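In: just a sequence and a predicted model for now, questions to come.
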Amino acid sequence: MRLDKLLSERGVASRSELRHIIRAGRVSVNGVPETAPERRVDPGTDSVSLDGKEILRSRFRYFMMDKPAGVLSVTEDRKQQTVLDLLPPELRRLGLFPVGRLDKDTSGLLLLTNDGDFAHRVISPKSGVEKRYRAEVDGVPDEGDVRAFAGGILLADGTRCLPAALEIGGGNVCHVTVMEGKYHQVKRMLASRGKPVLTLRRLSVGELELGEDLGPGGFRELGAEDLCKVLKAWPIGK
């Protein structure tokens, strides 16, 4: 692969910017300064540095974001703000996309990646990846709701949801854990029990928890340990 193309795909800078950077001698390949943007490099074996700092990474990238309410979980929209709009330009060039979706008015943990295989495994019910939510509802959840969720909710349109866990949190608060992501699923399940959702926030995916350190719109890149919390024994660096 061309050196400038490789670095562009890694989100370092645009192709035009990289041509100037490389010709200025700021990039080294295997420790040797390189001034030709068209130089062919092997992402699997060559070491590439910018200003002495190693920058070559796997082509797949993984991030977690604390999605704010009011932002769309899509890659682009002409009229409304999307989660990718919250990222700096160098990350928007990586081809990232949301792993599943959170409704516009739902906040919390959202994964972003450019790895389609990883995204499919997280979303697929066959993988058994649990997603946990905190919900405030209009009403007071009770033990009847807990039993109904455990048995699998049948929605009004005939959709059968897999068994899910509902934990009573006190007052109008409850926690819901599901292993699938049907359209508006958590909201529809609670509404079917006469408990329409007022606010909804995703707290965790697998064993990866959001916490409160990022803040609305905040994000960070995930490491190998984080990915293993999402999918056990995930082949990091494949």
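Out: Noted; the coordinates are in hand.
In: could you give the number of residues near residue 46?
Out: As a burial measure, residue 46 scores 15 neighbours (other CB atoms under 10 Å). Heads up, the C-betas are built off the backbone N, CA and C, glycines and all.
In: one more: residue 95?
Out: 13.
In: that one contacts residue 114, doesn't it?
Out: Yes - with contact defined as CB atoms under 8 Å, residue 95 counts as touching residue 114 (4.4 Å).
In: and the helix-or-strand element of the chain with minimal mean pLDDT, how far out from the chain middle?
Out: Between all helices and strands in the chain, the lowest mean by mean pLDDT, DSSP states H and E belongs to strand 53-54, at a mean of 80. What separates the centre of strand 53-54 from the centre of its chain is 26 Å, taken as CA atoms, centre = their mean, to the nearest Å.
In: partners of it, with directions?
Out: Using DSSP bridges, the strands paired with strand 53-54 are strand 48-50 (antiparallel).
In: compute the number of surrounding residues for the nearest residue to residue 91 once chain neighbours are set aside.
Out: In space, and not counting its chain neighbours, residue 91 is closest to residue 11: 5.7 Å by CB to CB, 6 or more residues apart in numbering. Residues near residue 11, counting by other CB under 10 Å, number 19.
In: swap in residue 194?
Out: Number of residues near residue 194 (other CB under 10 Å) recorded here: 10.
In: for the one 5 residues further on, same thing?
Out: Burial of residue 199 is recorded as 14 neighbouring residues (other CB under 10 Å).
In: contacts only, for it.
Out: Residue 199 is in contact with 69, 107, 135, 136, counting by CB atoms under 8 Å, 6 or more residues apart in numbering.
In: try it again with 10 Å
Out: Each residue near residue 199 by CB atoms under 10 Å, 6 or more residues apart in numbering is listed here: 69, 105, 106, 107, 134, 135, 136, 137, 172, 173.
In: which stretches of this protein form helices?
Out: Shown for the chain, the helices assigned by DSSP state H span residues 3-9, 15-23, 89-92, 116-123, 143-151, 185-192, 224-230.
In: tell me the mean pLDDT over the longest strand anywhere in the chain?
Out: The longest strand of the chain (DSSP state E) is strand 197-205. Across strand 197-205, the average pLDDT comes to 97.
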